[in-house]
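Engineer: model the following, please.
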Amino acid sequence: MNNYNDRHFDKEHIAYFSMEIGISHNIPTYAGGLGILAGDLLKAYADLKIPIVGVTLLNEKGYFKQRIINNSQIEEPTEWNINDFLVPIPNQVSVTIEGREVKINAWKHMIRGSSGHNIPVFFLDTNVNGNSDYDKSLTSFLYGGDRAYRLCQEVILGVGGTRMLESLGYNTIKKYHMNEGHAALLTIELLRKTFTDNSDYAENTYDVESIRDKCIFTTHTPVAAGHDHFDIALFKRLMHDYVPEFIFQKCLDNDQFSMTLLGLNLSKYINGVAKRHGEITREMFPNYSIDSITNGIHHLSWISPSFKNLFDEYIPGWVVDPFSLRYALSIPKERLWDAHIEAKKQLIDEIKSMDFHPARFTIGYGRRFTEYKRPEMLLSNIAKLKDIAEKVGDIQIVFAGKAHSQDNTGKRLIQRTIEIANKINSEDCKIKIVFLENYDMRIAKLMVAGCDIWLNTPQRPYEASGTSGMKAALNGVPQFSTLDGWWIEGCIENVTGWSIGPHPQDPGFKIDSDINDEANDLYFKLEQIIPIFYGNREKWTDIMRHCIAINGSFFNTMRMAQQYIANAYID
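Structural biologist: Residues are numbered from 1 along each chain as shown. Got it, this is the predicted structure:
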């Protein structure tokens, strides 16, 4: 077989590894925020002409396609034609798992930036002749299977991905950026290449510092229990002695091998994904130097057509310079409102319900359904919500989101939400609720632009950053959220949106605030917010302008990419 060489690397490259990379809804190899963030960041690098290469898994059957049957989530494999979006690469590498050889092929997709610069992303594929049926399946499902399946996937990503880049001719990579601990084994693959048998001490036979200088580790996990780890016996069975013993011992945590500790120990630059998340991560890992770079969104990917046209007219150059969105303060308010109503009509067309109307106040809630995100908060007191609607005006609510296939609590939250929606919709009241099936990037783009307010109710401190509210802000939609993640930085009360519950700097603040207290605050503020929408268009559109000018201009991946370049990539 003739190897393919990617001859676009006349400069030293950055290699970006992520278990999932969300580029388009047509390439359903992502589950949610982690993957979409990775895709958005790579798009910004393409806009900036940065020599970077992405590495991920093919996930050929996607995360899953969600169907709602009898009010319950049913998971089905995602059907998509790989050849329509990816190009097969003839190179093949292999890794050793549990003593057997697993062959890896790759597919390529080019991300084209607004600058015309292209960034290659390589999707690793084990559905290869010569592999066992089990090994062929290792790149089929994202986050599928048991812990052994997950560890196999991480070997393929970290070890196999590094070997694939070498096979492709990427021999001058300056930095390796790990988006979470899933790719942390790449550090060991690099470390093993520095082995010199010239000392009696194992640690001195490797050039650890040269590897640390090359590696960057971004963590997205705000609680200790969420960090990536594996049972020691399982790790040893699959990996044998691949990890040098002196490194292995540094990565043990409660009799588990921690991929997070591996990334921390072998990376020079480490960061959390929001200022508060950086603080929490430093508290969890006090022996490491940990920075923070707050997440952002790719402005060109998440802008609605109507707002794109508006910005083209009033903010020349915003495409290449999203910081200039601060000039949104000068956009005529009536034009801003017209663009919003156009985006709202597109969402209602997707909903396909005669009961939804663009003139009615619409709340959007779209994200993974899981316990800590507390999607039930808005519907926790239906009598109170009905009373608010009777007092201040009609309310429309749009829910969307998937629960992980093994998250039974998340599935029950979806079921309960739909049951409540069906009951309310059958009554003669001023509230209408819809749950949109199979939440993906396409539906998310419609929702963040087409709702009037974006609701987020995470339990602190579990939201490392969050980005959906940034997408809403870009389209002039204010966020209404508990103060966690990025919203601590982005919330200016009554200017860019509204908070739920106490501020972290309030006297007597407790991080584990009571959900009932926060729900009461949600209802109290909702009763203040809705009259602004219905009765004070001047003030509402002023808030919309500030969302764009303050948050849209800052919380984007152009700013984020430049911070990574300055803080992590340049020595």
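Engineer: run a quick neighbour tally on Lys510.
Structural biologist: 11 (other CB atoms under 10 Å). All C-beta atoms are positioned from the backbone trio N, CA, C, and that covers glycine.
Engineer: state the next helix or strand along the chain beyond the strand with the most length in the chain.
Structural biologist: Identified as the longest strand of the chain according to DSSP state E is strand 100-112. For strand 100-112, the following helix or strand on the C-terminal side (DSSP states H and E) is strand 118-125.
Engineer: sheet-wise, list the partners of that following strand with their directions.
Structural biologist: Sheet pairing for strand 118-125, assigned by DSSP bridges, gives strand 52-57 (parallel), strand 100-112 (antiparallel).
Engineer: give me the sheet partners of the following helix or strand past the first one and which way each runs.
Structural biologist: If I follow you right, that is strand 52-57. The helix or strand immediately downstream of strand 52-57 is strand 65-69, counting by DSSP H and E. Its sheet considered, strand 65-69 pairs with strand 72-76 (antiparallel) by DSSP bridges.
Engineer: for the strand it pairs with, buried residues please.
Structural biologist: Residues Gln73, Glu75 are the ones in strand 72-76 that count as buried (16 or more other CB atoms under 10 Å).
Engineer: as CSV, could you dump the C-alpha coordinates of it?
Structural biologist: Only the C-alpha atoms of strand 72-76 are listed here, as CSV (Å, rounded to 0.1, in the frame of the first residue of the first chain):
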residue,chain,number,x,y,z
SER,A,72,-39.9,7.8,26.3
GLN,A,73,-36.5,8.1,24.6
ILE,A,74,-35.5,5.2,22.3
GLU,A,75,-32.0,5.1,20.9
GLU,A,76,-31.3,4.0,17.4
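Engineer: that strand - what's its average pLDDT?
Structural biologist: Over the span of strand 72-76, the pLDDT mean works out to 96.
Engineer: so which bits of the longest strand of the chain are buried?
Structural biologist: By neighbour count on 16+ other CB under 10 Å, the buried set for strand 100-112 is Val102, Lys103, Ile104, Asn105, Ala106, Trp107, Lys108, His109, Ile111.
Engineer: now stretch 87-95
Structural biologist: Within stretch 87-95, the residues that count as buried by 16+ other CB under 10 Å are Ile89, Asn91, Gln92, Val93, Ser94, Val95.
Engineer: in CSV: those, plus secondary structure and distance to Glu419.
Structural biologist: Shown next, in CSV, are those (DSSP: H, G, I helix; E, B strand; the rest coil; distance: CB to CB, whole Å):
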residue, secondary structure, distance to Glu419
Ile89, strand, 48
Asn91, strand, 51
Gln92, strand, 50
Val93, strand, 50
Ser94, strand, 50
Val95, strand, 46
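Engineer: would TSV of these with distance to Leu42 and pLDDT be doable?
Structural biologist: Listed next are the buried residues of stretch 87-95 as TSV, based on distance: CB to CB, whole Å; pLDDT from 0 to 100:
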residue	distance to Leu42	pLDDT
Ile89	18	96
Asn91	21	97
Gln92	24	98
Val93	22	99
Ser94	26	98
Val95	24	98
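Engineer: what's the most distant pair in those?
Structural biologist: Greatest spatial distance in the buried residues of stretch 87-95: Ile89 and Val95, 16.8 Å, computed using CB to CB.
Engineer: per-residue pLDDT, Arg7?
Structural biologist: pLDDT, Arg7: 47.
Engineer: now render the strands paired with strand 118-125 as a markdown table, adding mean pLDDT and distance to Trp302.
Structural biologist: Output for the strands paired with strand 118-125, formatted as a markdown table (pLDDT from 0 to 100; distance: least, CB to CB, whole Å):
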| stretch | mean pLDDT | distance to Trp302 |
| --- | --- | --- |
| strand 52-57 | 98 | 19 |
| strand 100-112 | 98 | 15 |
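Engineer: do you know which of those lies nearest Thr162?
Structural biologist: Thr162 lies closest, by CB to CB, to one member of the strands paired with strand 118-125: strand 52-57, at 8.2 Å.
Engineer: just the buried positions in the closest one, please.
Structural biologist: Buried, per 16+ other CB under 10 Å, within strand 52-57: Ile52, Val53, Gly54, Val55, Thr56, Leu57.
Engineer: how about the first one, nearest residue that isn't a chain neighbour?
Structural biologist: This means Ile52. In this structure, Ile52 finds its nearest non-sequential neighbour in Ile14, 4.3 Å apart by CB to CB, 6 or more residues apart in numbering.
Engineer: give me every residue that touches the one you found.
Structural biologist: The contact partners of Ile14, by CB atoms under 8 Å, 6 or more residues apart in numbering, come to Tyr45, Ile50, Pro51, Ile52, Val53, Ile173, Lys174, Lys175, Tyr176, His177, Tyr569.
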